[in-house]
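Peer 1: here is my input, please return the structure:
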Amino acid sequence: MKFGLGVGLGLALTIPAASAWAQQPAPSATPPSAAEPAAAPPATDPALAAEPGAPGTVSLDAEPAPEPAPHPRPTAGPPPPPPVSTEAPPEPVVPFAQDTLAGQFQLGIAGLFTVPFGELSRGVDAFSQTDVGYGPSVDLGIGIARHVVVGAYGELALHSAASACTDCSSTGIAAGAFIRYHLVQGLRFDPWISYGLGYRGLDRTSSNQGDASYAGLEWLRLQFGGDWYAFRQLGIGPFVELGAASFLSVPNGKTAGGVTWRFQAGLRLTVDLPGR
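Peer 2: The predicted model follows:
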């Protein structure tokens, strides 16, 4: 009887105590003592342990980088106007015309008309001893530059009787050197100007007054002319001439001095070799 009462009382006390114990919170983990070594952290991948965003690393927690925005597509429109230059355009370079003179040979044959005036010697008028004349002239030159020809000339003129000497006839001769300048290149018409000097003589014959000879220096032979080339080797054109000479050798009884002048004009035929 006592045994049964005691067992029943013990169960009654034990069940409330168990309920109270179940309602209490679980005791917290006791921190390790200072003497005990701390537990080592778990091993991790070095790549994962690196700082987030470092080059060459992969972060599992990093958010994916946003995709770059596409470049805006240019809209079609009119092209911009070209820049305006304020500099003056360069002048066009005009090449020289073909050189048709240097190294060329030119032979000129002319027919001339001459009018003398002035003095043959001191106090002797040219028209008292001779009159107008006609004759041929010839010149030969070579081009030494694109505008320049040098050469030699010869001339013969037959003069008619003078007013003061009706039975007189005279023959004039001349020879010398010249330089001729041609003004243009590459045209069919070739204008030129020439200067020459040399020897000039005049022989007069008369049955009443006897013969007389004059000789001296021709210091002026200025010509102006032009040649029109119908063919590559052949040109023709007019010329005019103003000449002056001083006769140093005069007939006996005459005094040297004075200047004899002449005006000449004619038509000249030019042969150009090898051709222009």
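
Peer 1: give the other helices and strands that the helix or strand hosting Phe239 contacts.
Peer 2: Here Phe239, judged by DSSP states H and E, is contained in strand 234-249. Where contact means 3 or more Cβ pairs under 8 Å, 6 or more residues apart in numbering; DSSP states H and E, strand 234-249 is packed against strand 105-121, strand 189-205, strand 212-231, strand 260-273. For the C-beta atoms, the positions are set from N, CA and C on the backbone; glycine is no exception.

Peer 1: which one of these lies nearest to Gly143?
Peer 2: In terms of Cβ to Cβ, the element of the helices and strands packed on strand 234-249 nearest to Gly143 is strand 105-121, at 7.3 Å.

Peer 1: counting contacts, what elements does the closest one pack onto?
Peer 2: Judged by 3+ Cβ pairs under 8 Å, 6+ apart, strand 105-121 is in contact with strand 133-143, strand 148-159, strand 234-249, strand 260-273.

Peer 1: kindly reformat the ones you listed as JSON lines containing distance to Asp125 and mean neighbour count.
Peer 2: Shown next, in JSON lines, are the helices and strands packed on strand 105-121 (distance: least, Cβ to Cβ, whole Å; neighbours: other Cβ atoms under 10 Å):
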{"stretch": "strand 133-143", "distance to Asp125": "16", "mean neighbour count": "19"}
{"stretch": "strand 148-159", "distance to Asp125": "14", "mean neighbour count": "19"}
{"stretch": "strand 234-249", "distance to Asp125": "13", "mean neighbour count": "18"}
{"stretch": "strand 260-273", "distance to Asp125": "10", "mean neighbour count": "18"}
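
Peer 1: make CSV out of those strands and add mean pLDDT and distance to Tyr214.
Peer 2: As requested, those are exported to CSV (pLDDT from 0 to 100; distance: least, Cβ to Cβ, whole Å):
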stretch, mean pLDDT, distance to Tyr214
strand 133-143, 97, 14
strand 148-159, 97, 12
strand 234-249, 96, 4
strand 260-273, 96, 8
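
Peer 1: may I see those strands organised as a markdown table, with distance to Leu183 added?
Peer 2: Below are those laid out as a markdown table (distance: least, Cβ to Cβ, whole Å):
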| stretch | distance to Leu183 |
| --- | --- |
| strand 133-143 | 14 |
| strand 148-159 | 11 |
| strand 234-249 | 13 |
| strand 260-273 | 15 |
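
Peer 1: who wins for proximity to Phe105 among those?
Peer 2: Closest of the helices and strands packed on strand 105-121 to Phe105 is strand 260-273, at 4.6 Å (criterion: Cβ to Cβ).
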